[in-house]
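Q: coordinates only, no sequence provided:
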């Protein structure tokens with residue numbers, strides 16, 4: 001049995017959606033469920049319990065950015081109303097092939113109350129920051145909800161505590177460094 005420092009303090013479910021490329025015949029199509037009754041249960045299961053979503057597009061493929069609005073509608077239709085959504089422009093290392101201006105994406109995010117970041121999974125730019133930022137926002141919202149729940153129930157512990165995963169660092173200090181098991 002591991003010691004207490006090896007255990008997680010919190011556990012959050014954060015889903016990853018969006019077009020991973022310019023085509024709709026890869027990973028993205030799995031969740032392209034519009035009008036397909038047989039996939040409704042899969043879609044519901046994927047989003048069930050999620051408190052955060054990373055909505056990813058490719059800065060070098062404008063079509064992936066155009067499809068963000070459709071992905072956002074799917075989130076609004078299937079996910080919890082309070083889900084925290086971060087718009088992620090991936091492949092920021094492809095500066096010479098940029099097809100989506102940063103300012104345009106940032107403005108879209110602000111208009112739709114999303115947080116925004118650009119990342120590069122290739123050279124790890126902002127990948128850790130993306131996860132840190134969304135987890136921080138989720139934690140802030142969950143903490144506020146717990147405080148509100150306790151106030152409403154005479155300081156009794158809330159029954160719907162949401163767990164969040166913030167792994168310990170190699171030196172045993174928690175919360176300073178997030179480890180990522182899936183690249184954007």
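A: Now that the structure is in, tell me what you want to look at. These figures come from a predicted structure and were not determined experimentally. Residues are numbered from 1 along each chain as shown.

Q: where do the strands sit along this structure?
A: 14-18, 52-58, 84-90, 115-118 (DSSP state E).

Q: give me the contacts around the shortest one.
A: Where contact means C-beta atoms under 8 Å, 6 or more residues apart in numbering, the residues beyond strand 115-118 that reach it are 59, 84-90, 92, 102, 105-106, 109-110, 125-126, 129-130, 133-134, 137. For every residue, glycine as well, the C-beta is placed using N, CA and C.

Q: then the first one?
A: Residues external to strand 14-18 that are found in contact with it (C-beta under 8 Å, 6+ apart): 28, 31, 46-47, 50-57, 64, 67-68, 71, 74-75, 79, 88, 131, 134-135, 138, 182, 184.

Q: any of these buried? List them.
A: For the contacts of strand 14-18, a burial check counting by 16 or more other C-beta atoms under 10 Å picks out 28, 31, 46-47, 50-57, 64, 67-68, 71, 74-75, 79, 88, 131, 134-135, 138, 184.

Q: restricted to helices, list those.
A: Among the buried ones among the contacts of strand 14-18, DSSP state H puts 28, 46-47, 64, 68, 71, 74-75, 131, 134-135, 138 in helices.

Q: any idea which of these the model trusts least?
A: Here the lowest pLDDT out of those sits on residue 28, with 41.

Q: closest one to residue 147 among the strands of the chain?
A: Evaluated over the strands of the chain, closeness to residue 147 peaks at strand 84-90, with 17.4 Å, by C-beta to C-beta.
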